[in-house]
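# Turn this into a structure:
(chains A and B)
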Amino acid sequence: DTGVSQDPRHKITKRGQNVTFRCDPISEHNRLYWYRQTLGQGPEFLTYFQNEAQLEKSRLLSDRFSAERPKGSFSTLEIQRTEQGDSAMYLCASSLRTQADQPQHFGDGTRLSIL
Amino acid sequence: GENVEQHPSTLSVQEGDSAVIKCTYSDSASNYFPWYKQELGKRPQLIIDIRSNVGEKKDQRIAVTLNKTAKHFSLHITETQPEDSAVYFCAANQRPAGTASKLTFGTGTRLQVTL
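You can find the predicted model right below:
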């Protein structure tokens, strides 16, 4: 069990550019979540996958944001035409699907800074 | 949707003393309540969780209590040590019918354990 890994750890880009982040969940976990965390706040839910299906998206997720999990393993989160307000830590988490909620395990996150 | 409030926002205790962090939630359908510890620049780490079918759970120096009627739950850390210094987040699941659950987090408590 190598844990949830995210890449890159840091991303600095100019406003208006597109960025893409990657998340590799714990291998046997079929649920994958994306959260966003700003300074001094708790993580906020963005979207969720079960296997390759994206089952829920937050209203926080504007149409500039898109997430995929094409083969039910790793996931990517893309932000198009980045804005200053997109600066945040983007966290990925994974868990097992059972009848009862199972613990979500987080990665180290990707810190996005928009110049 | 779910709303989670957390108090206090900062807490300073002397080494060896106990620390208590309190959270309230709004959605009576929530049935899973995890607590995460986040050190500066690191991932949120699950330290303990509780389900709605029990009122208390303990793991060494950490315990969590849940009052479903009042819709509040608390984290208790006894015999605090300097390495307990971190930001602690409570969370509650939100499971609308027909969808997978997601976590709603509190705003965090910065715990400082002084020598």
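
# got the residues of chain A near chain B?
Within reach of chain B by CB under 8 Å from any CB of the partner chain, chain A has these residues: A:4, A:31, A:33, A:40-45, A:48, A:50, A:55-56, A:91, A:97, A:100-101, A:103-109. C-beta: built from backbone N, CA, C; applies to glycine.

# which among the residues you listed end up buried?
Buried members of these, counted by 16 or more other CB atoms under 10 Å in any protein chain shown: A:4, A:31, A:33, A:42-45, A:48, A:56, A:91, A:101, A:104-109.

# Got phi/psi on the residue sitting nearest the centre point of chain A?
Nearest to the mean C-alpha position of chain A, by CA atoms, centre = their mean, lies residue A:34 at 3.1 Å. Taking degrees, to the nearest 10, you get phi -120, psi 130 for the backbone angles of residue A:34.

# Same question for residue A:85.
Per degrees, to the nearest 10, the backbone of residue A:85 is at phi -70, psi -10.

# quick one: pLDDT of it?
Looking at residue A:85, its pLDDT is 94.

# give the contact list for the residue in chain B positioned nearest to chain A.
In chain B, the residue that lies nearest chain A is residue B:105 (3.0 Å; CB to the nearest CB). Residues in contact with residue B:105 (CB atoms under 8 Å, 6 or more residues apart in numbering or on different chains) are A:42-44, B:4, B:36, B:89-91.

# Could you point out the bridge partners of it in the sheet?
Taking DSSP bridges as the rule, residue B:105 bridges to residue B:91.

# From what I see, residue B:85 and residue B:112 are in contact.
Yes. The criterion here is CB atoms under 8 Å, and residue B:85 meets it with residue B:112 at 5.3 Å.

# higher neighbour count, those two?
Using other CB atoms under 10 Å in any protein chain shown as the criterion, residue B:85 and residue B:112 rank with residue B:85 on top: 18 against 14.

# Let me see the contact set for that one.
Counting by CB under 8 Å, 6+ apart, residue B:85 makes contact with B:111-113.

# Let me see the backbone angles for residue B:42.
For residue B:42, the backbone dihedrals (degrees, to the nearest 10) come out as phi -120, psi 170.

# How about it: what's its closest non-neighbour residue?
Leaving out its chain neighbours, the residue that sits closest to residue B:42 by CB to CB, 6 or more residues apart in numbering or on different chains is residue A:108, at 6.8 Å.

# pretty sure the one you found is touching residue B:39, no?
No. Contact status for residue A:108 versus residue B:39: not in contact, 11.2 Å apart, counting by CB under 8 Å.

# Tell me the bridge partners for the nearest residue to residue A:25 once chain neighbours are set aside.
The spatial neighbour of residue A:25 that comes closest, neighbours along the chain excluded (CB to CB, 6+ apart), is residue A:94 at 3.3 Å. With DSSP bridges as the criterion, residue A:94 is bridged to residue A:32, residue A:105.

# Residue B:107 belongs to a strand, doesn't it?
No. Residue B:107: not assigned to a strand; according to DSSP: H, G, I helix; E, B strand; the rest coil it is coil.

# tell me the contacts of it?
Applying CB under 8 Å, 6+ apart, we find residue B:107 in contact with A:40-42, B:5-6, B:9.

# Good, wrapping up.
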